[in-house]
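1. Sequence first, then the predicted structure:
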Number of protein chains: 2
Amino acid sequence: MDQITSMTLDRASREPLSEQLFAAFAARIETGLFPAGARLPTTREVAGALAVNRGSVQAAYRRLRDEGFASTRVGSGTVVRADARRPKRFDASELVSRRASAIPAAAPPPVSAPMIADFSRLTPDERFFPLERFTQTLTEAWSRRPELWQYAPPLGLDELRVEISRRLAESGVTRSPEEILVTSGAQQGLDLVFRTFTDARDPVAMESPSYPGALALARFAGVEIVPMPMTPDGPDVTGLRGRRVKVVYVMPERQNPTGVTATEEKRREILEAAIDAGALVIEDGYEEPESGLTPLAARAPEQVVWLGTLSKDLVPGFRIGWLAAPRPVVERLALVKRTADFQTPLPLQAAIASFLRAGLDREARRARASEVETRRKEMSGARGRHLPDLSWRGGRAARSSG
Amino acid sequence: MDQITSMTLDRASREPLSEQLFAAFAARIETGLFPAGARLPTTREVAGALAVNRGSVQAAYRRLRDEGFASTRVGSGTVVRADARRPKRFDASELVSRRASAIPAAAPPPVSAPMIADFSRLTPDERFFPLERFTQTLTEAWSRRPELWQYAPPLGLDELRVEISRRLAESGVTRSPEEILVTSGAQQGLDLVFRTFTDARDPVAMESPSYPGALALARFAGVEIVPMPMTPDGPDVTGLRGRRVKVVYVMPERQNPTGVTATEEKRREILEAAIDAGALVIEDGYEEPESGLTPLAARAPEQVVWLGTLSKDLVPGFRIGWLAAPRPVVERLALVKRTADFQTPLPLQAAIASFLRAGLDREARRARASEVETRRKEMSGARGRHLPDLSWRGGRAARSSG
C-alpha cells in the first residue's frame, strides 16, 4: 500500500482523477514497480488510501484492463498481465538532449560484398608494435609504485609531460611540462577544446572537408562551422576575413582526408587570418613532420594549441594524447578535463613515459615506415599495370585518424 | 613581405587606416609572428605593398613605438622589442565558454597548519591493492593479444562486460553484456548521462547536499538543479511532485557526503516521484551493498541507469566504470562516448576482466574492510577518551568519492 499512498493526485487539475489514477498505475506497471502477476489493491483500498471516489478508481482499473495492463481473475482480483509492458509509455529517446541528437549516427556498415583488399582502414598496423618489449617496459614502470593507482596530478604524470616536452622541442615547439595536459587521446583533447572555448552557435573555422571525428564534435558542440575549402596548397582562409571566430582547427601536415600538406605561404595565411579573427588556433599535427616545415605552434606560440597523440603514429589502443598551450589555456582545459573524467589512467601514462624515454616509439615507427613505403610502391606499380584508368588522389600517404 | 600583403584593411570602416595598421602589427608581434629583434619593413615598403598613404603607416609605427612594441635603431630601422609581448592583446580567457566558466574552480588548498591526522581523504588505501598479483594478471591478459591495441568495440571489451553483468546479477540487477557500456570511471559515466540527456536549463533532481563531482557536472551542463534535501532516511522528493524532470541522480547506499542509506520506503518514494516526473533515474551505487536493500535498478529496470565503478571499492587509478541500462539508453550513451573519446583503453579493460574473473577484487576488498573496521573502532574509542565533546555525524562509513 506504500506504493499507493505515495501517488500524488492533483485535485485542482482539469484532468479527471480517474485519468490521473490510470496514468499513475500504468507508469508503475511499465517500469516494473508492479511486476507481472502482482495483485493490485482493491478499488476500495485505493479509494480509502487516497481519499478519492471509488467510481474514479473503478474507471481507472477498467481502462488498465482495456489497454492490456491488467486482467481480472476470479479469486485474485486485478492482476498485472505478463505482457503488460509492451505498450510503453516511458521512452528514454524522448529525453535525449538536442546536443546529443546533433551527433551524426555511425556510418552504416558497408554492403558485405566479398572483399579482396580493404583500403578503408586508416589505422596503424599493430603488427609493427613491439608488444613484448612494451609489456616488459610496463611491468618495470609499474613495479613498486602504488601511487600510480591513486588520483593524479591535474595535468598528468610529470615524467610523461617531460618526455612530451622533449619531443615537441625537437620539432621546434617550445613548451615546458607545465604547459602540457595529458588527455585520453587526441579526440578527447579536441572535445576539451570545444567544451572549454565554445558555446552553441559560436563560430569555429574548419577545413572542408575535415576529419569526421572533429566534425562530429563540432555538431555536438552546436557551433557554427566556418568552412575553409581545401586547395592543393592548404585551406582557403578567405571566409575568415573581417569576422570574429573563436577557434580555428587545422591539420597543416597531411590533412585528413585530403592528404594535403599546407605550404609555407598557406601556414602564414592561416595564422594571419586567425590573429585578425581573434581566434585560438588548434594545430592537429605530427611530431616528426614529413614536410620539415615549421609547425604553426612554433610560429605563434601565444595563440596556437598543439594537439598531439600516439594513435596516428603508433597504436590507437593507448588512448594517450596531449594538448600543449600557454599556461593560462592549459589551466582552463585542465579544469574541464578534471570535471569530465578526473584523469587519464596513470599506469598507462607511466608505461608510455618509459616507452618514449627508451626511444621505442621512434624505432617502431621507422620500422613501419619502411614497410609501408615498400607496400605503397608495390601497390602503385600494381595499379599502373592492372588498373591503368583508375585515378589517384592524395599525397604519399593519406593522414590517418587521430 | 608576405606577412604584410596578407593584412586585410577595411577601407570602408570608420576606424582610421593608421589604427587598423597598428592593430594588425601589434597582434602579429604579440603572437610571436614578428619575433623579438625582427626588423619591420620600412614605412615605404608597407605603403607600397598595401597601397596606403605612407603617413598612415608612419602614424601606426609611431604608436607601436609609443606602446612599447617596437623601437627605432640607427641602421636597423624599426625593430620588435624583446619585451614587446608584455602588453597582451590576445587573451584566451576572453574566449572561455559560458559553460566552462560555470564549473566551480578547485577548492583552495587548506591553510597548511601542521597536520597530525588527515581525515579528509576519501580514497581507498592503495596498500590493500594486490599490486604484484595484478601486474601478473595483466601481463597474462596482454600477452599475444595485439588486437587490444586497436580501436575497440563500441560498448567496451566483451569479456569485461560479461564480468560486470555477473557482478550486477549478484545484487539483483539483471543486465546482459549488451546493456552495459564501459566508461573511463563513474565520473565520465555521469558526464555522458548529462551530455546525452540534458541541454542547458533542463531540470535535474539531485540530493542536497550531493557529491561535488556531480554538482560540478551539473553546473557545467547548465541544468536547473531541483534539490532533494537529505533526511536521516534518504532524500526528500516532495520538490519533484507535479513537475517534469529529465534526470534524477541519487546515491541510495551510503550517500555522499551524508553517509545516509535510503530506507526501503524512501527507495519506493524516489522511484514513484521519478516515474511521475517522467525522469530517467541514475543510481550511483555499490555492487555489494552493506544494507542488503534492493537497488532501484532492480525495482524499475526500464527507467533506472546503474552507474558503477571500481574506484570506490578498490583503487581510483584504473579509471574503469560502467553504465548499465536498457539497450536503447545504452546505445545513445555509446554514441556520445565514441564522440567524446572513442573508447576506454582496451588493455586496461582486459586486465580488469581477468582480475574480476579471478575474484581478486573481492578478496582485496574484504581484506581492507576488516582493517578499516579495526581502525574505525580504534578511532571511535580514542575519540571517546580524548575528545568527549566532539560530535560525530554519518554512519559506519562516509561514502567515498567515485
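-> Okay, I see it.

2. ok, now which ones touch the residue nearest to A:T42 when sequence neighbours are not counted?
-> Once flanking residues are discounted, A:T42 sits nearest to A:G77: 6.0 Å by Cβ to Cβ, 6 or more residues apart in numbering or on different chains. Heads up, the C-betas are built off the backbone N, CA and C, glycines and all. Taking Cβ atoms under 8 Å, 6 or more residues apart in numbering or on different chains, we find A:G77 in contact with A:R39, A:L40, A:T42.

3. correct me, but the first one touches A:V79?
-> Yes: the criterion here is Cβ atoms under 8 Å, and A:R39 meets it with A:V79 at 5.5 Å.

4. hmm, back to that, top of the contacts of A:G77 by number of neighbours, please.
-> The member of the contacts of A:G77 surrounded by the most neighbours (other Cβ atoms under 10 Å in any protein chain shown) is A:L40, with 24 neighbours in all.

5. Now do stretch A:14-31: distance to the chain's middle.
-> Stretch A:14-31 sits 40 Å away from the centroid of its parent chain (Cα atoms, centre = their mean, to the nearest Å).

6. ditto for stretch A:297-314
-> In terms of Cα atoms, centre = their mean, the centre of stretch A:297-314 is found 19 Å from the chain centre.

7. is any part of that stretch close to chain B?
-> Yes: applying Cβ under 8 Å from any Cβ of the partner chain, one finds stretch A:297-314 touching chain B at A:R299, A:A300, A:P301, A:E302, A:Q303.

8. From those, which land in helices?
-> A:R299 (DSSP state H).

9. Which pair of the residues of stretch A:297-314 next to chain B spans the longest distance?
-> Spatial extent of the residues of stretch A:297-314 next to chain B (Cβ to Cβ) is set by the pair A:R299 and A:E302 at 10.4 Å.

10. which residues are in contact with both of the two?
-> B:G32.

11. could you pull out the helices for chain A?
-> Applying DSSP H to chain A gives helices spanning A:2-5, A:17-30, A:43-50, A:54-66, A:98-101, A:131-142, A:158-170, A:185-197, A:212-221, A:264-277, A:296-299, A:327-341, A:346-357, A:360-386.

12. Start and end of stretch A:350-367, how far apart?
-> Distance across stretch A:350-367, first residue to last, is 24 Å (Cα to Cα, to the nearest Å).

13. mind listing what's buried in it?
-> A:A350, A:A351, A:I352, A:A353, A:S354, A:F355, A:L356, A:R357, A:L360, A:D361, A:A364, A:R365 (16 or more other Cβ atoms under 10 Å in any protein chain shown).

14. Name all residues that make contact with A:L293.
-> Residues in contact with A:L293 (Cβ under 8 Å, 6+ apart) are A:P252, A:E253, A:T261, A:A262, A:T263, A:E264, A:R267.

15. What of A:S184?
-> Residues in contact with A:S184, defined by Cβ under 8 Å, 6+ apart, are A:R319, A:I320, A:G321, A:D341, A:T344, B:S184, B:D341, B:T344, B:P345.

16. Now tabulate those in TSV and tack on pLDDT and distance to B:A51.
-> As requested, the contacts of A:S184 are exported to TSV (pLDDT from 0 to 100; distance: Cβ to Cβ, whole Å):
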residue	pLDDT	distance to B:A51
A:R319	87	52
A:I320	91	51
A:G321	95	45
A:D341	92	53
A:T344	92	52
B:S184	94	56
B:D341	92	50
B:T344	92	57
B:P345	89	57
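
17. Nearest to A:A102 among those?
-> B:D341 (17.9 Å).

18. Neighbours of the closest one, how many?
-> 25.

19. what do you get for the one 4 residues further on?
-> Each residue near B:P345 was counted by other Cβ under 10 Å, and the total is 27.

20. So it sits against A:G321, correct?
-> No: assessed by Cβ under 8 Å, B:P345 is found out of contact with A:G321, at 12.0 Å.

21. Identify the residue of the stretch 101-250 of chain A closest to chain B, quick one.
-> Taking Cβ to the nearest Cβ, chain B has its nearest neighbour within the stretch 101-250 of chain A at A:W149, 3.5 Å off.

22. Over to the stretch 201-350 of chain A?
-> At 3.5 Å from chain B, A:G317 is the closest residue in the stretch 201-350 of chain A, using Cβ to the nearest Cβ.

23. how many other residues sit next to that residue?
-> Using other Cβ under 10 Å, A:G317 has 25 neighbouring residues.

24. Contacts only, for it.
-> Applying Cβ under 8 Å, 6+ apart, we find A:G317 in contact with A:E126, B:L148, B:W149, B:Q150, B:Y151, B:A152, B:P345, B:L346, B:P347.

25. looking at it, the fifth one is touching B:T344, isn't it?
-> What that stands for is B:Y151. No: using Cβ under 8 Å, B:Y151 makes no contact with B:T344, being 12.0 Å away.

26. Which of the helices of chain A has the highest mean neighbour count?
-> Highest mean neighbour count among the helices of chain A (mean count of other Cβ atoms under 10 Å in any protein chain shown): helix A:185-197, with a mean of 27.

27. Using CSV, write out every CA atom in it.
-> Extracted in CSV, the C-alpha atoms of helix A:185-197 (Å, rounded to 0.1, in the frame of the first residue of the first chain):
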residue,chain,number,x,y,z
GLY,A,185,43.7,10.6,-26.9
ALA,A,186,43.5,13.5,-29.4
GLN,A,187,39.8,13.0,-29.7
GLN,A,188,39.3,13.9,-26.1
GLY,A,189,41.8,16.7,-26.5
LEU,A,190,39.6,18.3,-29.2
ASP,A,191,36.5,17.6,-27.2
LEU,A,192,38.0,19.5,-24.3
VAL,A,193,38.9,22.5,-26.6
PHE,A,194,35.3,22.7,-27.8
ARG,A,195,33.9,22.4,-24.3
THR,A,196,36.3,25.0,-22.9
PHE,A,197,36.1,27.6,-25.6
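
28. count of residues packed around A:R243?
-> 14.
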